[in-house]
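Enquirer: Give me coordinates for this.
(one chain, ligands or ions: 1)
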Amino acid sequence: MTALLRIGTRGSPLALAQAHETRDRLAAAFPELAEAGAVEIVTFKTEGDRILDRTLSAAGGKGLFTKEIEQALLDGSVDLAVHSMKDVPTALPDGLAITCYLPREDHRDAWFSPKAASLDDLPEGALVGTASLRRQAIVLMRRPDLRIAALRGNVQTRLRKLEEGLVDATLLAMAGLNRLGLVDKATGVLSEEQMLPAVAQGAIGIETRIGDDRTNAYVRALNCAETELRVTAERGVLATLDGSCRTPIAALALINGDAMSLKALVIRPDGQQWFMTGRAGNRNEALAMGIDAGQELKSKLPAAFFDGINPDGPVV
Ligand SMILES: NCc1[nH]cc(CCC(=O)O)c1CC(=O)O
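Expert: Numbering: from 1, shown residues only. Below is the predicted model:
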């Protein structure tokens with residue numbers, strides 16, 4: 001049969017796992033989508049997948065993991081795009097919207113090291129591999145003696161490089177590990193007090209064309225309201241600070257009944273200066289809380305706060 005829905009995704013194992021989860025949830029909700037071939041998965045190589053010799057922050061530009069797939073959405077060659085919301089810029093192209101958030105996975109970061117049970121136990125001067133400015137900054141805030149290497153590649157590649165001893169430790173999102181069935185490889189988990197997660201970490205968003213009522217009726221049925229509100233608050237912080245995945249910004253919103261709490265952190269890439277704030281309110285105020293927290297942080301940031309953002313260490 002010809003496909004009723006075409007999903008655009010990156011081709012990495014994690015991206016494919018997320019696309020398969022989306023397809024399975026669609027099939028469970030709509031019998032016609034459970035037929036063989038009803039939902040087709042179309043993979044794209046994005047600019048972010050091609051850049052392997054330097055960090056994405058050094059490469060610059062926003063939407064490195066999303067642009068090619070969004071173009072396919074706009075020209076009609078796919079109907080929905082499945083993204084890690086952590087990789088999605090706050091401003092979307094005209095005509096597109098995030099119309100669905102799947103239930104959020106674990107928002108925390110996992111710790112990996114054959115040498116140390118935790119960040120505090122690493123020997124002085126050890127080399128931590130991460131390409132994330134947020135993780136780099138928080139590691140250096142807590143352990144200024146450590147060195148940072150820009151560790152590139154997908155989740156499996158990074159774990160292989162750790163096993164080969166190219167770095168002494170690394171950090172990865174619990175969400176990706178759970179989705180790939182690799183969580184058993186982690187040495188430990190960092191609490192959000194130890195390492196505040198990236199905006200939207202662990203959340204999958206589905207992007208569609210505004211006005212594509214047929215597709216939107218399907219995907220809206222999968223929406224998780226709590227995830228949508230939490231991501232809305234966190235992305236409110238990010239949008240207000242004009243950040244992207246390349247700036248060391250962390251935020252986490254939690255919901256308890258009708259109540260929402262929000263914590264947000266901006267930290268200099270060398271970890272030597274940071275500003276943190278929090279909000280508590282009703283979950284219906286999610287966006288306003290995020291914007292308000294972002295404005296407070298923005299008003300406190302000294303000029304050139306994010307300068308010198310690239311790690312000095314090697315790229316591995
Ligand atoms: N920038 C890469 C990226 N984008 C989303 C995830 C993990 C899954 C998620 O956070 O939803 C990862 C890898 C990682 O940070 O370990």
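Enquirer: Would you check how far apart Phe44 and Ala3 are?
Expert: Phe44 is 16 Å from Ala3, where distance means CB to CB, to the nearest Å. Every residue, glycine included, has its C-beta placed from N, CA and C.
Enquirer: Which one of the two is surrounded by more residues?
Expert: With neighbours defined as other CB atoms under 10 Å, Phe44 and Ala3 compare such that Phe44 has more, 21 against 15.
Enquirer: okay, that one: pLDDT?
Expert: For Phe44, the pLDDT comes out at 96.
Enquirer: which residues does Met85 contact?
Expert: 98, 101, 199-200, 203-205, 231, 235 (CB atoms under 8 Å, 6 or more residues apart in numbering).
Enquirer: Which one (most neighbours) among these?
Expert: Counting by other CB under 10 Å, top hit in the contacts of Met85: Val199 with 31 neighbours.
Enquirer: show me the contacts for that one.
Expert: By CB under 8 Å, 6+ apart, the neighbours of Val199 are 85-86, 231, 234-235, 237-238, 243, 249-251.
Enquirer: Return the closest of those with respect to Arg209.
Expert: Nearest to Arg209 out of those is Met85 (CB to CB; 18.3 Å).
Enquirer: The stretch 151-300 of the chain: helices as residue ranges?
Expert: If DSSP state H, counting those that start in this stretch is used as the criterion, the helices of the stretch 151-300 of the chain fall at 155-163, 174-180, 213-220, 225-240, 286-300.
Enquirer: Please work out which of the ones you listed is packed deepest.
Expert: Highest mean neighbour count of these: helix 225-240, a mean of 23 (counted as mean count of other CB atoms under 10 Å).
Enquirer: returning to what we had before: what about the helices of the stretch 151-300 of the chain, which gets the closest to Ala38?
Expert: Among the helices of the stretch 151-300 of the chain, helix 213-220 comes nearest to Ala38, with 10.7 Å by CB to CB.
Enquirer: thinking again about what came up before, return the member of the contacts of Val199 nearest to Gly8.
Expert: For the contacts of Val199, the nearest to Gly8 is Met85 (15.5 Å; CB to CB).
Enquirer: Next one: the closest residue to Thr247 other than its chain neighbours from the ligand, what distance?
Expert: Leaving out its chain neighbours, the residue that sits closest to Thr247 by CB to CB, 6 or more residues apart in numbering is Phe306, at 5.6 Å. The spacing between Phe306 and the ligand, counted by CB to the nearest ligand atom, to the nearest Å, is 18 Å.
Enquirer: try Asp168
Expert: Going from Asp168 to the ligand by CB to the nearest ligand atom gives 18 Å.
Enquirer: and that residue, how many neighbours does it have?
Expert: For Asp168, the count of nearby residues is 21 (other CB under 10 Å).
Enquirer: Kindly report the same for Met141.
Expert: Neighbourhood size, Met141 [other CB under 10 Å]: 18.
Enquirer: for Glu32, same thing?
Expert: 13.
Enquirer: For it, give me phi and psi.
Expert: For Glu32, the backbone dihedrals are phi -70, psi -20 (criterion: degrees, to the nearest 10).
Enquirer: which bits of the stretch 101-250 of the chain sit near the ligand?
Expert: Contact residues, the stretch 101-250 of the chain versus the ligand (CB under 6 Å from any ligand atom): 155, 172-173, 175-176, 201-202.
Enquirer: Quickly name whichever of those is closest to Gly313.
Expert: Ranked by distance to Gly313 (CB to CB), these are led by Leu172 at 18.1 Å.
Enquirer: How is the protein divided into domains?
Expert: Using automatic domain parsing, the domain parsing of the chain gives 1-104+200-223, 109-190, 225-316.
Enquirer: so for stretch 219-235, what's the average pLDDT?
Expert: Stretch 219-235 comes out with an average pLDDT of 98.
Enquirer: Apologies, that question was intended for stretch 148-157.
Expert: The predicted model assigns stretch 148-157 a mean pLDDT of 92.
Enquirer: where does the stretch 51-200 of the chain have low pLDDT?
Expert: Applying pLDDT under 70 to the stretch 51-200 of the chain flags residues 51-62.
Enquirer: Neighbours of the closest residue to Arg158 other than its chain neighbours, how many?
Expert: The shortest distance from Arg158 to any non-neighbouring residue, by CB to CB, 6+ apart, is to Leu151 (5.3 Å). For Leu151, the tally of surrounding residues (other CB under 10 Å) stands at 28.
Enquirer: what do you get for Leu16?
Expert: Neighbours of Leu16 using other CB under 10 Å come to 17.
Enquirer: Distance check, Ala200 against Glu21.
Expert: To Glu21, Ala200 is 16 Å away according to CB to CB.
Enquirer: One more: Lys263?
Expert: From Lys263 to Glu21 the distance is 28 Å (CB to CB).
Enquirer: Of the two, which one has the most company?
Expert: The residue with more neighbours, out of Lys263 and Glu21, is Lys263; 20 against 16, by other CB under 10 Å.
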